[in-house]
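>>> what would the 3D arrangement of this be:
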Amino acid sequence: MADVRLRPATRDDVAFLVRQYSPEVCAPWNWFGFRSETDILRQLDDDGFLGPGHGNLIVELVGEADPVPIGNVSWHAVDHGPPPASRGWNVGITLVPEWRGYGHGTRAQRLLAEHLFTTTVAERVEASTDVENTAERRALERAGFSYEGVLRRAQFRGGGWRDLALYSLIRGEAG
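Predicted structure coming up:
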């Protein structure tokens with residue numbers, strides 16, 4: 001049976017990442033504009049998409065054949081008071097459309113939360129998604145995240161302000 005793993009991006013992933021930032025993959029929930037191949041190569045060369053306050057990993061399907069990249073997960077620091085003690089992580093995911101609906105996103109987000117709890121001192125991993133993104137909301141709940149409420153008019157996307165549903169996972173709840 002195939003499973004999901006997370007791995008760092010390489011130069012072999014550049015074409016995949018360019019597609020990941022396209023409206024065919026991102027819209028409607030994660031579309032914030034194109035990322036050029038030049039920008040992606042620059043970030044790969046700069047920090048490998050793994051900086052101290054952010055990161056991005058490839059979601060890969062493994063087990064039955066050659067590994068297949070099916071998406072990417074990302075995170076960035078959020079401070080709920082003076083860092084570093086009050087620093088947590090906000091996570092996100094984009095799966096290629098043909099791989100959605102199989103539970104891979106749930107597994108990938110859980111793996112990412114476990115990775116962040118293992119490799120950092122953060123007590124909190126959070127995720128926010130459009131209030132209308134019911135598939136992502138279900139995936140977060142299946143991954144163990146708890147619904148906390150609505151961030152009103154928190155994100156500008158698609159020409160207007162959008163409400164976001166906020167979820168969290170606390171250290172000790174993962175594992």
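
>>> so where's this structure shaky on pLDDT?
Counting by pLDDT under 70, the ranges of the chain that qualify are 1, 174-175.

>>> hey, where'd the helices end up in this structure?
Here the chain has its helices, by DSSP state H, at 14-20, 23-26, 37-47, 104-119, 134-142.

>>> which of the ones you listed is buried the deepest?
Highest mean neighbour count among the helices of the chain (mean count of other Cβ atoms under 10 Å): helix 104-119, with a mean of 21. Bear in mind the C-beta positions are built from the backbone N, C-alpha and C, glycine included.

>>> CA atoms only: put that helix into PDB for me.
Taking C-alpha atoms only, helix 104-119 is exported to PDB below (Å, rounded to 0.1, in the frame of the first residue of the first chain):
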ATOM      1  CA  HIS A 104      -2.900  12.000   1.600                       C
ATOM      2  CA  GLY A 105      -3.400  15.600   2.700                       C
ATOM      3  CA  THR A 106      -4.500  14.500   6.200                       C
ATOM      4  CA  ARG A 107      -1.400  12.300   6.500                       C
ATOM      5  CA  ALA A 108       1.000  14.900   5.100                       C
ATOM      6  CA  GLN A 109      -0.300  17.600   7.500                       C
ATOM      7  CA  ARG A 110       0.000  15.300  10.500                       C
ATOM      8  CA  LEU A 111       3.600  14.300   9.400                       C
ATOM      9  CA  LEU A 112       4.500  18.000   9.100                       C
ATOM     10  CA  ALA A 113       3.100  18.800  12.600                       C
ATOM     11  CA  GLU A 114       5.000  15.900  14.100                       C
ATOM     12  CA  HIS A 115       8.200  17.000  12.300                       C
ATOM     13  CA  LEU A 116       7.800  20.600  13.700                       C
ATOM     14  CA  PHE A 117       7.200  19.300  17.200                       C
ATOM     15  CA  THR A 118      10.300  17.000  16.900                       C
ATOM     16  CA  THR A 119      12.700  19.600  15.400                       C
END
